[in-house]
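*Asks:* based on what follows, work out the 3D shape:
(one chain, ligands or ions: 1)
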Amino acid sequence: TTFHENYDVFEELGKGSFSVVKRCSHKVTKAEYAVKIAHVSYANEKAIRRIEREERICRKLNHINIVQLHNVYTERETRYLIFDLVTGGELFEEICNRKYFSEADASVCMQQILESVQYCHSMNVVHRDIKPENLLLSSKNKDAKIKLADFGLSVEVSNEKTYWFGFAGTPGYLAPEVIKKNPYGKRVDLWACGVVLYILLAGYPPFWDEDKYKMYEQIVHGDYDYPSPEWDPVTSEAKNLIDSLLSVDPEKRFSASDALRHPWIANR
Ligand SMILES: CCCCCCCNC(=O)OC[C@@H]1O[C@H](OC)[C@H](O)[C@@H](O)[C@H]1O
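*Replies:* From the prediction side, this is the model:
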């Protein structure tokens, strides 16, 4: 059976570079989902490989802090990936609305992000695009769960081996080793978590310049600081965790497990 025989489709929720996400509901169960629709013209081998990789990776992931894939329909030139409907919006919007988080709220949020990253890495998956736009909230409530979404850029790695998987991610969140075109691995996700944690506590990013290449210079040199007065009230434990994630040398940088053991996360 085809996707449209089983589902009604409603408004667009988001747009990827090669896909669109729409709200849909199953005709019989009335259950609602978010369907990612990707058109692959047979000509475009790369697009087919990309969606097939995302599908393969999402199929093997099952975790409370990761958006759950429910079903897949493959039709001639279109793929339908059916995910949980997540109604709380993006963490990005939440930060904009709240300006920045208290340390207690940021810690609860970061713990869930690190749980999702630790799980992905245990399944030998590197997300490669962790940022507030891809961190969704399960509901509008204060105790909403964080859900990591969009594995469209993720890659499968073999354990701790590093490799050049290509230049992928979002400029302000790219790890130094990627910018330097060195082989990289799971630790690129922890660098991005460091950028997210800095933003949660300050409401602005650690690295920024309207000239992308000047920003890349800041990143490869680990050139960030904690400006006064906004960073003065922030505890040294919080800054210590940020420094352990924004460590230029991936070998020295915390793993997800290291970060989950850090007092600012574990002692809540
Ligand atoms: C994009 C590939 C993963 C699809 C995950 C669907 C998650 N479920 C889901 O309900 O996503 C909802 C919206 O969909 C887009 O994000 C995918 C909007 O940008 C977000 O604002 C988000 O609120």
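*Asks:* residue boundaries of the helices in the stretch 151-268 of the chain?
*Replies:* 176-179, 187-202, 212-220, 236-245, 256-261, 263-266 (DSSP state H, counting those that start in this stretch).
*Asks:* not counting its own residues, what contacts the fourth one?
*Replies:* In other words, helix 236-245. 103, 106, 190-191, 193-194, 197-198, 201, 206, 226, 231, 253-254, 258-259, 262-265 (CB atoms under 8 Å, 6 or more residues apart in numbering). Using the backbone N, CA and C atoms, a C-beta is placed for each residue, glycine as well.
*Asks:* recalculate using a threshold of 7 Å.
*Replies:* For helix 236-245, contacts defined as CB atoms under 7 Å, 6 or more residues apart in numbering pick out 103, 190-191, 193-194, 197-198, 201, 226, 253-254, 259, 262-264.
*Asks:* buried residues in it?
*Replies:* 238, 241-242, 244-245 (16 or more other CB atoms under 10 Å).
*Asks:* which of these come close to the ligand?
*Replies:* Among the buried residues of helix 236-245, proximity to the ligand is found for none (CB under 6 Å from any ligand atom).
*Asks:* quick one: these as JSON lines, columns for pLDDT too.
*Replies:* Listed next are the buried residues of helix 236-245 as JSON lines, based on pLDDT from 0 to 100:
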{"residue": "Ala238", "pLDDT": "98"}
{"residue": "Leu241", "pLDDT": "98"}
{"residue": "Ile242", "pLDDT": "98"}
{"residue": "Ser244", "pLDDT": "98"}
{"residue": "Leu245", "pLDDT": "98"}
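*Asks:* now, among those residues, which is nearest to the ligand?
*Replies:* Checking those against the ligand by CB to the nearest ligand atom gives Leu245 as the nearest, at 24.3 Å.
*Asks:* now the closest one. Nearest residue, chain neighbours left out?
*Replies:* Spatial nearest neighbour of Leu245, chain neighbours left out: Gly194 (2.9 Å); criterion: CB to CB, 6 or more residues apart in numbering.
*Asks:* the one you found against Leu246, yeah?
*Replies:* Yes: using CB atoms under 7 Å, Gly194 is in contact with Leu246, at 4.1 Å.
*Asks:* can I get stretch 6-17 in CSV, CA atoms only?
*Replies:* The C-alpha trace of stretch 6-17 is given here as CSV (Å, rounded to 0.1, in the frame of the first residue of the first chain):
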residue,chain,number,x,y,z
ASN,A,6,-2.8,5.2,4.9
TYR,A,7,-2.2,8.8,5.9
ASP,A,8,-3.8,12.2,5.6
VAL,A,9,-1.2,15.0,5.2
PHE,A,10,-1.5,18.5,6.8
GLU,A,11,0.6,21.6,7.2
GLU,A,12,4.4,21.8,6.6
LEU,A,13,6.4,21.7,9.9
GLY,A,14,9.9,22.3,8.5
LYS,A,15,12.1,22.2,5.4
GLY,A,16,15.4,20.4,4.9
SER,A,17,17.7,21.0,2.0
